[in-house]
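Novice: got a predicted model here, sequence first, then my questions.
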Amino acid sequence: MRLANLRVVFGIGLCSLLMNTAAFADDCPAGAPRHPPLTSLDHQSMVAAYTASFRGLYHRDPTGQPGSGVDDTGYWVSTSDHYGQFSDGVCRAGWSAYWEMRLGGASAADPGLGDQPARFQASQPTPVPVPPTPPLPSVDLSGVLQRLDLVEAHLTLIQADIDAGRAENQKFFGDARGFVKTWGPVLLKYVAPALGGVLAGIKIK
């Protein structure tokens, strides 16, 4: 029993050692410049970094299925968890803005992005997509405008009637003033005495 237990412990330790060795593999040529890793290179940290970028880009969790493209967690982790030489000659390791852009569908990216942290971080909450604001419904104002035109036409007619009445009143009073001015003295001189006599005769009877 003790020998079996030792074998199990040894097997677990060996697997752990192999995983750590794979995680810290180095494909960088000797003498090539190196950029410090932007994330921890252990498996758990790499999975967390990849998942944060995946959630930020696709608003869901990856399936992790091998060969499934962007959902293949193992591929993206094993590609970025060790030092490798980029096209600009600099060796980089860890998850970065470069890998996040590639994960987003870019067939190529600026190697300098390997020096920048990913936009979506495991320590930050996953952004919730904001639905676009629906456009305001269009309102047909043609009927309202037609009614306003009718109201304006009626107001114009009313104003015209008022102006016409004002003109007629002015003409009437003007004619009356002219009549009084012309015939007033005549009436006072001839008609008033005669009318006074008539009234006096009526009063006497």
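Specialist: Now that the structure is in, tell me what you want to look at.
Novice: look up phi and psi at the nearest residue to Ser80 once chain neighbours are set aside.
Specialist: Residue nearest to Ser80 in three dimensions, not counting chain neighbours: Trp99, with 4.9 Å by C-beta to C-beta, 6 or more residues apart in numbering. Quick note: C-beta positions are derived from backbone N, CA and C, even for glycine. Main-chain dihedrals, Trp99, degrees, to the nearest 10: phi -70, psi -30.
Novice: show me the contacts for Trp99.
Specialist: 50, 53, 76, 79-80, 114, 118 (C-beta atoms under 8 Å, 6 or more residues apart in numbering).
Novice: of these, buried ones?
Specialist: Buried by 16 or more other C-beta atoms under 10 Å: 50, 53, 76, 80, 114, 118, out of the contacts of Trp99.
Novice: ok, so of those residues, who is nearest Cys91?
Specialist: Minimum distance to Cys91 across these is 9.3 Å, recorded for Gly114 (C-beta to C-beta).
Novice: surely the closest one touches Glu100?
Specialist: No. Applying C-beta atoms under 8 Å as the test, Gly114 and Glu100 come out as separate, 10.5 Å apart.
Novice: avg pLDDT for the longest helix along the chain?
Specialist: Criterion DSSP state H: the longest helix present in the chain is helix 142-186. In this model, helix 142-186 has an average pLDDT of 74.
Novice: what is the burial count for the closest residue to Ser45 other than its chain neighbours?
Specialist: Counting by C-beta to C-beta, 6+ apart, Ser45 lies nearest to Thr39, which is 5.7 Å off, once chain neighbours are set aside. Applying other C-beta atoms under 10 Å, we find 21 residues neighbouring Thr39.
Novice: cool, Glu168 as well?
Specialist: Glu168: 10 surrounding residues under other C-beta under 10 Å.
Novice: for Ser80, what are its contacts?
Specialist: Counting by C-beta under 8 Å, 6+ apart, Ser80 has contacts 46, 50, 93-96, 99.
Novice: mind listing which of those are in helices?
Specialist: Short answer: those in helices (DSSP H) are 46, 50, 99.
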